[in-house]
Structures are given as C-alpha cells and as structure tokens.
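Chemist: mind looking at a prediction? Sequence and model below.
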Amino acid sequence: MQTTLLLVLLFSCQPNTLSVESFAELKQDLRANQLSGNDTERRQLLAQTDALSGQSTNDRACLTLYQAENAYENLAYEKAMQLGREALSLLKQSTDDDINADLYRLASLLTKLHFEHWQYTDSIVHYAQLAQAVRQQLPAARSLDLDLALLKVLELRVDYHFPEIEALVDSLKLPDNEATTQLHDTKAQLYLFQARAIRKQRFNLKSKTEIEQLFARSLSAVERAISQYQQQTSPRLPQAFAENAMHKAMLGTDEEFKDACQQMEASLRPEYPLRYGFTARLKAMRLTRNPESIAEATNYYREIYPQIQPFNVLLKDEADYFLEESAKQQKDYAALWEIAAAYLTNGRCASLDVLIPKTLTEQIPETIVCLNNLIDLATAKWIEYEQTGSLEALELADQYIGFVLANWSARQSNLSNSSLLYQLSAFGTEGLEIGVVSSIDQYRLAPAYAKALDVLQRMDAAKSLLMRRDLLKRDQQMDLPRYLLQDSLLTLQKRINVVETLQQLAPEAQQTALANQRQGLLNDRQQLEEQISTLNDNGKVGLLLNTSPPPASQLREESLLMYSWLGGKLFALALTEAGEKVVELDTTGISGNIKALRAILDVAVPDHQTIESYRSLAHRLYQQLFQSIAIILPPGQPLLVIPDGPLSTLPFEALLTEQPSTLTDRDELPFLLHRHRIRYASSWAVDQIHKNKKPFSVQNLSVAVVAHSGLAAYFQPTHDSLKMHAAQYQEHIGGTSPQRLQALATPANILHFSAHAKSNPDRLQDNYIYLSRNDKFDAASIESLNLTNKLVVLAACETRLGQQRAGEGNFTISRSFRLAGAQHVVSSLWQVKGPPTKELLEEFYRQLFAGQSPAEALWRAKVKMASGMGTKKYWWAGSWAGVVG
C-alpha cells in the first residue's frame, strides 16, 4: 500500500481518484481482512476510503460500499444508509465477475443498518437472507460464519424469538480469545444481543429466584461483551456499558447503579454522545421506580429530545415511549396526544401536513408503527373522555381502536405468527380494555343490535387472542392450522424475493442456476397456496377476530351470554333472536361469593345450615350476575355461557332463581338448570369453529378408556357400559407415553379418562392428569395430541380449574384438550365426589347412546339428579353441578 499517496489524498479538500493499481491493492486488502476478521485493521483500511472516488462503475460501486461501511463504523448511520443504497444501485450495473465478496459485505451492512432504523423490518429479513445465499459462494472463514450468525440473530429479533437467540449464541461456543482471528466486534455484538434476549424472557417468569438466575445469565453475557469491546478501540463500547447499567438498575444497589451510569457516560464518544447510554440510563431511572428519578428522567428527555438525530429511530422511540408512559400515568391526555401525533407529522410513520382527527384513519398508512401509534392516540382520547365526558373524544377513541382491530384481523395473513402474536399481546394489554369499554359506552348512548355485535366482537377479541397465543405452542395439529401454513408461505415468498434480488446482482455465470431456483420456488408457492385454499374452518382455530355475527337461526336455537372482566369492571352481553342487552355489573363481593359457594358445594353431605347458606348465596349470585339480563333470555331455550375471570369457576346451573323464603321442598329448588340447558365455551369464535364440525354420532362408535391404576376398579361399571355400546373398544390402565395415548385416541370417537388431576391457579404448566402415582401429563403434553372431532370425558378432579386472566378466560386442563382439537370436553370444577359422579356419568352415557348430543345428554343427566330421580337421590347441587361441558 502506498502510504505517502494515501496521506496526500486524505488531506485533499476534494475527493481524489485512486489509481487502478492503488484501488486494486486496497480492495485486495479489504477482501483479505473480510476473511481474517481483524477489526482494528478493518477500521484503518475503511478510513482510507472516505475522501476517495473511483473511475469506473465497478470501482465506484466497491468504493461507495467501503465508504458506507466506514460511516457505519463511525456510527454515522444516516450517511451509511444513503451510501449503502447508492452502492446497491451501482452493484446492479457492475460487470465484475468477482463480486460475491462485496455482495455479502453490502447485504450484511444493509441488514445491520435496517436493524438500527427498525422501521423497515421486512428489509432486515430480506438482506439477512440475501447474505446467507451469497455466503455459499465464498470460501470458508470463521469471520464470515460469525458475521452470518449475527445477521441470523437480527433476523430472529424481528420476530421476537428470544429463546432461540440465546440458544444460537450458546451453540457458537465463542472463546474469549481466538488463535488466528480477533473478531472482537462481532463476538461482542453477539454477546450483547444474547444478554438482551435473555433479559426479555423475564416476563414469562414468576418466582424471584428464577428472575435472579435469568439476570445472572444475562449479566454474564454483558460482561463478555464488555471484555470483547475493550480488546479493541470500538465506538460501540458504550452500548455494552449501557446494558450493564440496565442490569444494575433492576437488581443492583443504588451505589452500583450510580457507578454503572458513570462508567457508561465516561465511555461516550464526544462526537456522538447520545447514540448509546442515553436510552439505557433513562430506562434505568424509570425502572428504579423512584419518583425523583422519574421526574429527573422526564426533564432530561424533554431537554435532550430535540438533539436526537433524525436517523436514531430506536432512540426517538424510547424517548417517545417514556414520555407517553409518563403522560398516561399523570392522565395528561393533551401531552399524550401531542407526543403521539408528532409521529404523524415528523415522518416516523407519516408526514401529514394537517392532522384531522375525524379522518385520521383515512390518512395514515397501515403500518405496524402507525397502528401502534393509533393505540396511543386512542388512549389519549379515552382519558379525555373519562375526564371531560366529551362524546367526540369517546367517538374518536372507539373509531381508532375499531380501525386497529379490523386491521389486525386483516393482517393475519401478511405477518409471521410469532411477530403478530407479540404485537397483539402488546395491544391486548392496552387497547382491548379501551376497545371493549368504548364500544359499551357507545351502545349505552344509542342502544342498537349492530352496536351490541361490536361489543361481542371486542369482548371476544381478548379470548380469541389468547387462543391464538396458546396455539403458538403447538405443532401442526387440527388439520394444519391456516396460520402455520401461512407462515410457510411467507417464508417461501421471502426466499423468492432473495433469489430475484440475486438475479439483478449476480454475474452472468450464475443466472441460469438462479432462474431454475426461482422457478422451483414458484412451483412450491403454488402448491402451498392450493393447500391453504382447501383448508376448512378447522384451520382457523384461535385466529383473532374471526367473529361473525350470530345468524337469527342460531339464536333461535341457543341464546348467548358473554362476560368480560377488564380493568376491574365486569360487563355482560346477552344476545337472543328477539334482541340484545349490554350491562355493567357491580363487582362488589362477586369473587368472594363465588369462592364461598364453591366451598359450600364441596360438602359431600350437607346439613341444614349448609343448605340454608347455599340457598341464600346461590340466589344472591343469581341477582348479581344473571337477573339484570334474564328478562330477554327465553325460558327453556339452551344458553351458551362464555365466562371470564372468577366466573370461569362458577357452575351457573346451580344458581337459584327465586328468593329463599319461598322454598319449601329441597327436591324442588329453582335451579337455573331447570330454566336453561347451559353449555360453556372459552371464546365465541372458537366455539363456532367447533360447532361447525360434523355433529357427534354414536354410529360405529369407537371408545378408548385411559384409567389411573388406582381407579380402574372403581369406575369399572362405567367402563363396562362403554364397552357394551362400542363397536371398537380399547382400554389402558396406568402410566403411558404421549405416543401411546395418541395411538389410543386416533381411532376413537370417545376418549374417557378415569384419573386423578391437579390444578394450579398460578402456573398453567403445573396442571396435570395423573395416570399412576408417578406418571403425569401436563398441559403441553395434552396440547401436543391430535384429538380432532372427539368427545373427551374427564372423570377427574378440578380439570376445569386453572390460571385466570382477566378479559382472557381460564387456563385449564379442559382448555388444553380443546386446544388439542377435542370437539366436546366434559370436565369438573372441583373435587369430584365418587358415587354421585359415577352415577352422573353413567346417566350421561345412557342419554348419549340414546341419540342425544353431548350437551343435551349432560343436561338431562343433571336434571334427573337435581330432581331427586336418581338411584341415590343425589339432589344436592354439589353432587352434579361441578361436572360441566
């Protein structure tokens, strides 16, 4: 390399043109460095290109690329993006046959730049996959492998695959010191992303010990990143110190946090002090939950906000988020509107000259950023409505949330499943409550059936969202759900896009192979589209907002009662053929009353005092939960109840419709059971999918019985009855494997469990079915089964109890069987009582074999027992009300 010539060129005021020989030598050095991974040498070589220009198109393409890389190394991301796009255009015109090395450099650079900008997440994935395709044309090199791993991490981060990021970095087995290469920068970035990915998983943990262990793993990765950055002069060192400060803010002492912040601030480069550190410092201040720190952070944000470079989108987002959260906490709707509206005028998601609130949904682009921003605007209007009673603010809040919900529903086919779920989860915590309550207030102002349907759709949104989220844990079950195939289609389209980009850039010698590859992918896409088009509604289970209005013919056969418990408020919606009713219920004492009633019904043989307590409490709950909407529910008509929160543990059939003082004969108690045949569902949308399946039939009946080794003899009469009516019968006693259970279930119409069970209201993963003392099936094992179109009967305790989530339903063993595809599930709300439960199930099966549907058969069995007509006169509600279907 001609050092003297380069020094002259660098000090020249105008860009200078390298000689062909000098440029060839520089390019050769950079390509050699690409394989060696020497970070210090790379920065030195790239720095020499800043004031140079090339002669030919080929030279200009490469030189512009190197200048873009140099800008990236110096954290000048806006300049780097401009030069990178220019380099891409020039490379498309290049005739250089040895272009793959530069193509990889450019794809890698554009992946990282788009990640920094973040708004263009599709481009992150596109360029990461482009780099992976080009990598196959390059020689073996540890540096390229690690860089490609970093790009894969960025791609995983787009879809929030945090556990996968942690596992990927672990699998690289990165040594602290490489024998032949340095690679400090790449390794540091990998460690840093691993630390963040670990930290992001804390939301799935509950115990303090688990969280502390998680943060210890994360902090260990941070310390490795700091060590790597310190082995070279890296402008990104403050990034690692900022992450360290974040950890100290969460779990460290005040002194440790203070020292970490000082260390971070001391590392900031004078020419670019705000890129890193600032975000973590203020996050840390906020996470301390110290009011003085929050005030200091807010003032600091407002002071420093105008200085943030336009390109620093992530930093602006963090500042916006902090100020928005402060405005929400202070219920300052004007400040929240101002901050959120700025996104629509500053180009972050739109560049509107004039913002017109009433037509805003017609003005904004339907991007993820704008939709999330619209939720903040809706929140501002909702706070304004709460504080001022402005009907215009209510209408706007309702309009904005409605637009977002409709858009999320439409976007399901255009987003990967995990990305959609992450975004909808964030929406669900903030937007659904506003959506439900605003639609109810709109209904109150002008009651109408159409508005009641809006309420239904929004109430069900949370429940459907939860089902969608649950189904992510499962493999391809239930006839290949549409969203799983849709993810495959999205992945295939991305591969096609990459090949088409390569066709524009690759040398002539590679064009034939690329054309053949593209045609093969197009053929695969056509086959997949045909497969998706043939899916029936089975494939749509759990998709958000597949809620269509109930037709009159359906409401003529069965009324609907849905509850939603959100933000401390309880709402009830009733729909019948004749009309609708939407009410807000007083929650005072409801949870305690339900708990007390369950305790009373758990008594096997009630005395006089217990019966009197039951009569009083069962009628009181009827008044609290049912009486205000009972007027529009036709007596004698079947009723679908979709409960929420604590209501999910309540047997509605056991409620009493009359005053206790009028009761004389205990065998003639006015159970709600006598007024309605009640069945339950976790979600309206999910219930409709199951309802549209082929009706259950006892023709050519195939039965599989799975029994706990200690209960088989006790339930033998029930098993014998099933065997007598079955054309095919299988029985398994004791422990088994998921594979064996699946083999038993596959040919069966009825899958009957006589087993023990355990429920944990705090952890879904601690819900079990026991088949022997040491053999158990948890929720994940159950959900991995394929039980499509089957009737599952759970003669086990508390299989309908589990973790409650307000607005979202109840996580139970019964729900896990529904997620596995079961069309009907008969389960229990409390500890089943042996003889009464056995009699109830035997009568249920008698009715079923006589041709009744599962819901009708269970209702008739309950009515017989409640009326005292059973063999043992088990009229007591505790004997029959706990078994539900």
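Modeler: That came in fine, so what should we check first?
Chemist: would residue 731 count as being in a strand?
Modeler: Yes - assigned with DSSP: H, G, I helix; E, B strand; the rest coil, residue 731 falls within a strand.
Chemist: OK, contacts around residue 854?
Modeler: Shown in contact with residue 854 (C-beta atoms under 8 Å, 6 or more residues apart in numbering): 696, 791, 824, 826, 848, 885. Using the backbone N, CA and C atoms, a C-beta is placed for each residue, glycine as well.
Chemist: could you redo the last one with a cut-off of 10 Å?
Modeler: Contact analysis of residue 854 by C-beta atoms under 10 Å, 6 or more residues apart in numbering lists 679, 695-696, 750, 791-793, 823-826, 844, 847-848, 885.
Chemist: likewise residue 111?
Modeler: 123-132, 147, 150-152, 154-155.
Chemist: mind checking the SS state of the spatially closest residue to residue 679 that is not a sequence neighbour?
Modeler: Spatially, and ignoring its direct neighbours in sequence, residue 679 is nearest to residue 855 (4.4 Å; C-beta to C-beta, 6 or more residues apart in numbering). When classified by three-state DSSP, residue 855 comes out as helix.
Chemist: measure how buried residue 232 is and give me the count.
Modeler: Residues lying near residue 232 (other C-beta atoms under 10 Å) number 16.
Chemist: quick one: it and residue 186 touch, right?
Modeler: No - the criterion here is C-beta atoms under 10 Å, and residue 232 misses it with residue 186 at 11.1 Å.
Chemist: re the thing from before, tell me which entries of the contacts of residue 854 lie within strands.
Modeler: Judged by DSSP state E, the contacts of residue 854 include 679, 750, 791, 792, 793, 824, 825, 826 as members of strands.
Chemist: any chance of those in JSON lines, plus pLDDT and distance to residue 587?
Modeler: Below are the ones in strands among the contacts of residue 854 laid out as JSON lines (pLDDT from 0 to 100; distance: C-beta to C-beta, whole Å):
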{"residue": "679", "pLDDT": "89", "distance to residue 587": "25"}
{"residue": "750", "pLDDT": "87", "distance to residue 587": "39"}
{"residue": "791", "pLDDT": "86", "distance to residue 587": "35"}
{"residue": "792", "pLDDT": "86", "distance to residue 587": "33"}
{"residue": "793", "pLDDT": "83", "distance to residue 587": "34"}
{"residue": "824", "pLDDT": "81", "distance to residue 587": "31"}
{"residue": "825", "pLDDT": "85", "distance to residue 587": "28"}
{"residue": "826", "pLDDT": "83", "distance to residue 587": "30"}
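Chemist: ok, those residues vs residue 861, which is closest?
Modeler: Nearest to residue 861 among the ones in strands among the contacts of residue 854: residue 826, at 10.2 Å, using C-beta to C-beta.
Chemist: quick one: contacts for that closest one?
Modeler: Residue 826 touches 752-753, 791-795, 799-800, 814, 817, 840-841, 844, 854-855, 857-858, 883-885, counting by C-beta under 10 Å, 6+ apart.
Chemist: pLDDT score assigned to residue 139?
Modeler: Looking at residue 139, its pLDDT stands at 91.
Chemist: distance of it relative to residue 146?
Modeler: 15 Å (C-beta to C-beta, to the nearest Å).
Chemist: of those two, which one has the most company?
Modeler: Legend: neighbour count by other C-beta under 10 Å for residue 139 and residue 146, higher for residue 146 (21 against 8).
Chemist: what secondary structure does the more buried one sit in?
Modeler: Relying on three-state DSSP, one would call residue 146 helix.
Chemist: which helix or which strand is home to the closest residue to it other than its chain neighbours?
Modeler: When the adjacent residues along the chain are set aside, residue 146 lies closest to residue 186, with 4.7 Å between them (C-beta to C-beta, 6+ apart). Per DSSP states H and E, residue 186 falls inside helix 184-200.
Chemist: just residue 113 next, same as before
Modeler: Taking DSSP H and E as the definition, residue 113 sits inside helix 100-117.
Chemist: which parts of the stretch 51-200 of the chain are strands?
Modeler: 52-53 (DSSP state E, counting those that start in this stretch).
Chemist: one step back: buried among the contacts of residue 854? Make that a PyMOL selection.
Modeler: In PyMOL, this line selects whichever of those come out buried by 16 or more other C-beta atoms under 10 Å:
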select buried, resi 679+696+750+791+792+793+823+824+825+826+844+847+848+885
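Chemist: show me what counts as buried in stretch 628-648.
Modeler: Within stretch 628-648, the residues scored as buried using 16+ other C-beta under 10 Å are 628-630, 633, 637, 639-648.
Chemist: actually stretch 840-852, sorry about that
Modeler: Buried residues in stretch 840-852, counted by 16+ other C-beta under 10 Å: 840, 841, 842, 843, 844, 845, 846, 847, 848, 849, 852.
Chemist: could you find the closest non-adjacent residue to the second one?
Modeler: It stands for residue 841. Residue 841's closest residue in space is residue 718 (C-beta to C-beta, 6+ apart), at 5.6 Å.
Chemist: ok, the fourth one next?
Modeler: Spatially, and ignoring its direct neighbours in sequence, residue 843 is nearest to residue 861 (3.9 Å; C-beta to C-beta, 6+ apart).
Chemist: give me the number of residues near that neighbour?
Modeler: By other C-beta under 10 Å, 24 other residues sit near residue 861.
Chemist: try residue 90
Modeler: Residue 90 is flanked by 20 other residues according to other C-beta under 10 Å.
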